[in-house]
Structure formats: C-alpha cells, structure tokens
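1. This is a predicted model, with the sequence first.
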Amino acid sequence: MSLSPSSSPASDALVAHFAAKLQYETDPSDVHAGQEQGARFALVDSRGETAWAQGRIVGALHMPTAEIARRAPLEIPAGLPVVTYCWGPGCNGATRAALEFAKLGYQVKEMIGGFEYWAREGYPVENDHGRVTRAPDPLTAPVDAVGCAC
C-alpha cells in the first residue's frame, strides 16, 4: 500500500467517497445528540426478538429487517428520517435494514458501531426489565469530557 500523495482525480474520488459515507452513516454520539436536541427521526433496531429483549436503545422502535417492507409504511410516516442499528461493527444487519428502508423511499442512515458502541459509550439502554445504567468504556468514549472532539 502506497501512502504517497494522490493526483487530483484520485483526490476527487476520495472526497466523494468520504462525503457519501457521512451522508449515509451516523454514529452513536450524533444519534444521542439528535435525541437530546429533539430531532425528529425514527431510530430502528433491526435485530431479532431475543436481542431486543436483552437490551436496546431507549426510544428505539423494534422492526426486524424481515418485517420492514410490511411494517414501515404503516408505522413510520413518509418523509420521517430513519436511523437503523443492529448489534455492532461486526454485523451488517443495520446495512440490510437501511437498504430495505431505502427501497421504500425513506431517507435513511446506518448507525455505525450499533448497539454495542451505543452501550459502551454509556448512552441510555433498557431491556425488558427497565433501564440499564452503564459507565462509559474508556476505550470507546472519553470519560472526563462531553465528546471526543473528533
């Protein structure tokens, strides 16, 4: 792999690539900030029933990927932005869910890091028994600061 400076066409391609990622992906920090600011969007957990019962993001809607085509038009208003998540970075379930929403015409973003990084960063989590409080993991979130400043 060469890390030498790119020519202009390659640089243009890189800019387009990373701009597209930001257009179609978000992360737990930005989703949480949106929730705190009262942004209107549907946060969709695309995992199965057992995973949902084990733990989920507070305020999320449970809609397994296989049910999106049938349920989304009935439960999520057209024009409402959607954010999908699944287990974590080792799972492409949120990508599959985002694809299903895109096929239906929704503005959709995938939350990279998924439930794993949401929970590891100490954001609100609940399970079938109520709220679960977790301290931020210092390997994934700043412990003594509001944000990572990235």
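-> Noted; the coordinates are in hand.
2. Mind listing residues that contact the helix with the most length in the chain?
-> Using DSSP state H, we find that the single longest helix of the chain is helix 8-24. Helix 8-24 is contacted by residues Ser6, Ala98, Val108, Lys109, Glu110 when judged by Cβ atoms under 8 Å, 6 or more residues apart in numbering. C-beta coordinates here come from the backbone N, C-alpha and C atoms, glycine included.
3. ok, the host helix or strand of the fourth one: who's next to it in the sheet?
-> I take that to be Lys109. Secondary structure from DSSP states H and E places Lys109 in strand 108-111. When pairs are called by DSSP bridges, strand 108-111 turns out to pair with strand 25-26 (parallel), strand 82-85 (parallel).
4. Could you check how far it is from the centre of its chain?
-> 5 Å (Cα atoms, centre = their mean, to the nearest Å).
5. now for the following helix or strand past that strand, which elements pack on it?
-> Heading C-terminal from strand 108-111, the first helix or strand you meet, by DSSP H and E, is helix 114-120. Applying 3 or more Cβ pairs under 8 Å, 6 or more residues apart in numbering; DSSP states H and E, one finds that helix 114-120 makes contact with helix 28-36, strand 56-57, strand 82-85.
6. got CSV for the ones you listed, with distance to Val15 and mean neighbour count too?
-> Shown next, in CSV, are the helices and strands packed on helix 114-120 (distance: least, Cβ to Cβ, whole Å; neighbours: other Cβ atoms under 10 Å):
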stretch, distance to Val15, mean neighbour count
helix 28-36, 20, 17
strand 56-57, 32, 24
strand 82-85, 24, 28
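7. Looking at the ones you listed, which is nearest to Pro124?
-> strand 56-57 (7.0 Å; Cβ to Cβ).
8. In its sheet, which strands sit next to that closest one, and in what direction?
-> Short version: by DSSP bridges, strand 56-57 pairs with strand 125-127 (antiparallel).
9. which parts of the strand it pairs with are buried?
-> Val125 (16 or more other Cβ atoms under 10 Å).
10. give the contact list for the residue sitting nearest the centre point of the chain.
-> Among the residues of the chain, the one closest to the centroid is Met111, at 1.6 Å (Cα atoms, centre = their mean). Met111 makes contact with Glu25, Thr26, Asp27, Pro28, Val31, Leu43, Val83, Thr84, Tyr85, Ala94, Trp118, according to Cβ under 8 Å, 6+ apart.
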